[in-house]
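Undergrad: show me the folded form of this:
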Amino acid sequence: MSAYYPTHSTVANIAAVLALTLASSVASAQDSAPAPAASASAPATTDAARAALAKKEGDVDQAKLLKETLSAADKQYSLLKTGKQAVTYDLTYSYIGQQLIQANFTDDKLTLFDIQNTRSHTVTNTVSVDHGVMDNLTASVTLPFVSKYSQSETFSGLSNAFGDISLGARFQPFALSRDLPALTATGTLRLPTGRSPFKTIDGQGLGTGAGYTSVTLGANASKVIDPVALFGSLNATLAVPAKHLSQTRNGRTLTEVRPGAGIGFGVGFAYALSYNISTTLSFQESISARTKLTLVDSNGVASESKTSMQSSAMLNMGLGVRVSPLTTVNFTVGVGLTTDSPDFTFGMNMPLHF
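TA: Below you'll find the predicted structure:
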């Protein structure tokens, strides 16, 4: 998960809701409290109580912490002020274990049958830079560096390379309202700068990128229902075919890949346990249509095959720890719910504001 950063308007919206609730609670307490007995020490006692309850320098209120929690869950829920920059460092580990069955039939006869157990450990270091173009428009660039260890019965190897660079924009079309959800439109262009899985040796699993260009458009919404912040997202992805390939697969040559369109959605909530501890729980799923592969045999005859539709679902649990007035370190554990998902993931991100 990526972390986004709160803006003054969104934080003010959340603060207003919590402040209103707090004010109502205080007012009710004051109305129901018995009148204090008159004494000479009453003014001094009252002043001391006010001083003790006053917010000290460096303290953070629950509204701000709740917003930081929400921002950590999905960075698309808040935008930067004009001219402001923010940098985030993300460290993510994922594990995938699969059992692959390969079978080829020639003239209705089984000519190849093989079962392979593969395991993949991937560590991704990502630096994201956000820039506030306007108060309601933020541009971003993401640069990942991927270390991937792949192991099977026939191969084991380590790959270290840059992943796919992403260029993104987030736009809030409407002014924030206390009564309505905060809406954000998003767009991301993913460039095939990583090591393509279609240009490595088939079966080694050492690709660090998708191998093709893709565009994702989406919308996000968040709403504070004191003391919980709810959020959700919906997106669609289209990909540009990867052509002019030359990867050998089971005696045939892969020449073109046409990825299917995809849709995704996610829901979750954030909750501030205290001034320094916050939690998140979210569910996300993405569904991709069948991918078309063009393969050429030794006689130069091209044929087309299709993969099955893929569905990836993850259940994510997060913990945020505020280590300084400006920095909250967020930890996330994800569990795969389908066979097309990673078995589990672990992530840590640390936002830095400038």
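
Undergrad: contacting residues around residue 281?
TA: 268-269, 315-318 (Cβ atoms under 8 Å, 6 or more residues apart in numbering). No exception for glycine: its C-beta is placed from N, CA and C like everyone else's.

Undergrad: list just the nearest of those to residue 333.
TA: Residue 333 lies nearest to residue 317 out of the contacts of residue 281, by Cβ to Cβ, at 5.3 Å.

Undergrad: is the closest residue to that closest one other than its chain neighbours in a bridge, and if so with what?
TA: What sits nearest to residue 317 in space, not counting adjacent residues and going by Cβ to Cβ, 6 or more residues apart in numbering, is residue 333, at 5.3 Å. With DSSP bridges as the criterion, residue 333 is bridged to residue 317, residue 346.

Undergrad: report the separation between residue 333 and residue 93.
TA: In this view, residue 333 and residue 93 are 10 Å apart by Cβ to Cβ, to the nearest Å.

Undergrad: any residues in contact with both of the two?
TA: 345-347.

Undergrad: buried subset of these?
TA: The neighbour-count test (16 or more other Cβ atoms under 10 Å) marks 345, 347 as buried among the shared contacts of residue 333 and residue 93.

Undergrad: what mean pLDDT does stretch 234-254 get?
TA: On average, the pLDDT along stretch 234-254 is 90.

Undergrad: which stretches of the stretch 101-250 of the chain have low pLDDT?
TA: The stretch 101-250 of the chain contains residues with pLDDT under 70 at 101-117, 203.

Undergrad: in it, which spans are strands?
TA: 109-134, 137-151, 156-162, 166-171, 182-190, 214-225, 228-239, 247-249 (DSSP state E, counting those that start in this stretch).

Undergrad: select only the buried ones of the contacts of residue 281 in ChimeraX?
TA: Buried residues among those (16+ other Cβ under 10 Å), as a ChimeraX selection:
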select :268,269,315,316,318
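
Undergrad: adding pLDDT, write the contacts of residue 281 out as JSON lines.
TA: Output for the contacts of residue 281, formatted as JSON lines (pLDDT from 0 to 100):
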{"residue": "268", "pLDDT": "95"}
{"residue": "269", "pLDDT": "93"}
{"residue": "315", "pLDDT": "97"}
{"residue": "316", "pLDDT": "96"}
{"residue": "317", "pLDDT": "96"}
{"residue": "318", "pLDDT": "94"}
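
Undergrad: tell me the one of the contacts of residue 281 nearest residue 88?
TA: Nearest to residue 88 among the contacts of residue 281, with distances taken as Cβ to Cβ, is residue 318, at 14.6 Å.

Undergrad: separation between the closest one and residue 334?
TA: Taken as Cβ to Cβ, the span from residue 318 to residue 334 is 9 Å.

Undergrad: sorry, back to before: pLDDT at the residue nearest to residue 317, what is it?
TA: 96.

Undergrad: can you check residue 277 too?
TA: 90.

Undergrad: so it is in contact with residue 319, correct?
TA: Yes. At 7.3 Å, residue 277 counts as touching residue 319 under the criterion of Cβ atoms under 8 Å.

Undergrad: what is in contact with these two at once?
TA: With Cβ under 8 Å, 6+ apart, residue 277 and residue 319 have no common neighbours.

Undergrad: let me know how buried the residue nearest to residue 317 is, in neighbour terms.
TA: By other Cβ atoms under 10 Å, 13 other residues sit near residue 333.

Undergrad: need the contact list for it.
TA: Contacts of residue 333 by Cβ under 8 Å, 6+ apart are 316-318, 344-347.

Undergrad: can you pick out the most distant pair from the residues you listed?
TA: Across those (Cβ to Cβ), the longest gap, 14.0 Å, separates 318 and 344.

Undergrad: can I get stretch 310-323 as PDB, trimmed to CA atoms?
TA: The C-alpha trace of stretch 310-323 is given here as PDB (Å, rounded to 0.1, in the frame of the first residue of the first chain):
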ATOM      1  CA  GLN A 310      -7.600 -13.900 -13.500                       C
ATOM      2  CA  SER A 311      -9.000 -12.700 -10.200                       C
ATOM      3  CA  SER A 312      -6.700 -11.400  -7.500                       C
ATOM      4  CA  ALA A 313      -8.100 -10.500  -4.000                       C
ATOM      5  CA  MET A 314      -6.200  -9.400  -0.900                       C
ATOM      6  CA  LEU A 315      -7.200  -8.700   2.700                       C
ATOM      7  CA  ASN A 316      -4.900  -6.100   4.200                       C
ATOM      8  CA  MET A 317      -4.400  -5.100   7.900                       C
ATOM      9  CA  GLY A 318      -2.400  -2.100   8.800                       C
ATOM     10  CA  LEU A 319      -0.900  -0.400  11.800                       C
ATOM     11  CA  GLY A 320       0.300   3.200  12.000                       C
ATOM     12  CA  VAL A 321       2.800   4.400  14.600                       C
ATOM     13  CA  ARG A 322       3.400   8.100  14.900                       C
ATOM     14  CA  VAL A 323       7.200   8.500  15.700                       C
END
